[in-house]
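K.L.:
this is a predicted model, with the sequence first.
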Amino acid sequence: ASTGSVYGGLVFKKILQDCLELLDSNSLLPSTFWVDETTQSLMTDCLIIKRFLRKIIIVHHKLKFNFSLMVNGILSAEIFGAENEPLLRLSNGITLVVGVQHYRSQACAEGRRLSGVMGKPKLNSAESHCSRIHPVLGHPALLSIPDGMADMGLLGKLALTPAAALCPSQRDRISSLYIFLYGPLGLPLISGQEQPCITVFRDTSYFIDWKKHNLFMVPTLDLNLDTDLVIPDVSYQVESIEGNQSQDMDSEGPALLLFLFVDFHSGFPVQQAEVWGLHTWLTDHLSAILSESRSTVQESIQSAVDQVLERHHQAAQAHQRLQGSLSVAVNAITSVLTGSTCSSFRNTCLQALEVADTQEFGAKLHRLFYDATQHRLLQHCSCDTE
């Protein structure tokens, strides 16, 4: 193998072929690659391979990869797996790892939670978001094959099924969109430099009408490979509708995750070689196929995205109403304390909350109310997991 082999997909194809065998046999299958390149190139290639393995395990949680690297006689090892992780079985048969930590860093997820202004203290004593994503599955969109494009000769139909989710499930304005592409049996589609399968996604509004949600998307390639997160195949950044970064846009806001599963449906058993051939063919022609079926794909993806963003909007409105109610309640209680002429009553109230004055009393009371309501909201969060 070489740097070109990694980027050209040869290593990835070998891993995928091994995954197909593993899914059938559930046994140990070693794969060895010899490379002859500079240390810097090797490190970059390893990061790309690790990115690929992470993308596999969030759909195939039962697979575990022992990734060992020996450089100049020095051995390092890393295990990739999703054992004992929260899972969600989608109605299309895919089981998805739903832990937030796989998609967004904890720092991003808690960035807004740890900030505060006068009258809205730092709310750092309770998490304000669920630790799991809650995907919404769109309806399958049948895909048409463009005229003149050779198919695989299989008897059946190609279909794309989208799944959308916010990560984390909080009420701040979304900051980005991440798209993950999967082929038959939930195996990742390969996007090589020579034959990219993501060309159709360069137009951010090709499949999704963002204006109805007052959002403007721009593509971004600023992805850090040196991370433990699952890196998307396509990434967009949210800007204001005018195209300028809005003051209320938060780079630490939740991301909209969009999983696109392209699969083959047939009433007959499909051989492993046929699945692999179809996977390779989809990698080469996915953009053309999705373009041919644009209206059907757009309807399916738009439906899933609309459901997630509408729920997000409703939750944000409910949260604003709740915050207004909390402020009214805190102000009313604080006014009783400040208006009281009984010093023992005031001292008892201050001691109960372990504060020195009425200003601290109001701030801590607001935080306690906030924590209590957030706890109730999280209790009502539906997590349909295995």
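P.N.:
Thanks, I have the structure now. Note that the structure is a prediction, hence the values are computed from the model and not measured.
K.L.:
count the neighbours of R346 for me.
P.N.:
Counted with other Cβ atoms under 10 Å, the neighbours of R346 add up to 18. All C-beta atoms are positioned from the backbone trio N, CA, C, and that covers glycine.
K.L.:
show me the contacts for F180.
P.N.:
Neighbouring residues of F180 by Cβ atoms under 8 Å, 6 or more residues apart in numbering: 55, 188, 230, 232-233, 257-260.
K.L.:
is it possible to mark the buried ones in these?
P.N.:
55, 188, 230, 232-233, 257-260 (16 or more other Cβ atoms under 10 Å).
K.L.:
before we move on, back to that, so which of the contacts of F180 is the closest to L337?
P.N.:
L337 has its nearest neighbour among the contacts of F180 in L257, at 45.6 Å by Cβ to Cβ.
K.L.:
one step back: of the buried ones among the contacts of F180, closest to L16?
P.N.:
For the buried ones among the contacts of F180, the nearest to L16 is P188 (7.5 Å; Cβ to Cβ).
K.L.:
can you give me the strands in the chain?
P.N.:
65-71, 74-80, 87-89, 95-97, 136-137, 141-142, 157-167, 176-182, 216-219, 234-239, 255-265 (DSSP state E).
K.L.:
so what strands line up beside the fifth one?
P.N.:
Strand 136-137 has its sheet partners listed here by DSSP bridges as strand 157-167 (antiparallel).
K.L.:
same deal with the fourth one?
P.N.:
Take DSSP bridges as the rule and strand 95-97 pairs in its sheet with strand 87-89 (antiparallel).
K.L.:
just the first one next, same as before
P.N.:
In its sheet, strand 65-71 lies beside strand 74-80 (antiparallel), with partners assigned from DSSP bridges.
K.L.:
and the contacts of the strand it pairs with?
P.N.:
Here strand 74-80 makes contact (Cβ under 8 Å, 6+ apart) with 50, 53-54, 57, 64-70.
K.L.:
and for stretch 342-359?
P.N.:
334, 337-338, 340, 360-361, 363-365, 368.
K.L.:
pull the most distant pair out of these.
P.N.:
Longest span within these, Cβ to Cβ: S340 and L368, 19.9 Å.
K.L.:
higher neighbour count, the two?
P.N.:
Using other Cβ under 10 Å, the more surrounded residue of S340 and L368 is L368, with 15 against 12.
K.L.:
give me every residue that touches that one.
P.N.:
L368 sits next to L353 when contact means Cβ under 8 Å, 6+ apart.
K.L.:
measure it to C130 for me?
P.N.:
Going from L368 to C130 by Cβ to Cβ, to the nearest Å gives 21 Å.
K.L.:
run a quick neighbour tally on the residue nearest to S169 when sequence neighbours are not counted.
P.N.:
Of all residues not flanking S169 in the chain, C130 sits nearest, at 4.6 Å (Cβ to Cβ, 6 or more residues apart in numbering). Per other Cβ under 10 Å, the neighbour tally for C130 reads 19.
K.L.:
what's the answer for A332, then?
P.N.:
Count around A332 with other Cβ under 10 Å applied: 9.
K.L.:
repeat for A372
P.N.:
Neighbours around A372, by other Cβ under 10 Å: 12.
K.L.:
swap in T296?
P.N.:
When neighbours are counted by other Cβ under 10 Å, T296 registers 18.
K.L.:
could you do N92 as well?
P.N.:
Neighbours of N92 under the rule other Cβ under 10 Å: 15.
K.L.:
cool, A315 as well?
P.N.:
15.
K.L.:
so for it, what's the pLDDT?
P.N.:
According to the prediction, A315 has pLDDT 81.
K.L.:
distance check, it against S41.
P.N.:
Note on A315: its distance to S41, by Cβ to Cβ, is 46 Å.
K.L.:
likewise for H139?
P.N.:
For H139, the distance to S41 - Cβ to Cβ - is 44 Å.
K.L.:
nothing else from me, thank you.
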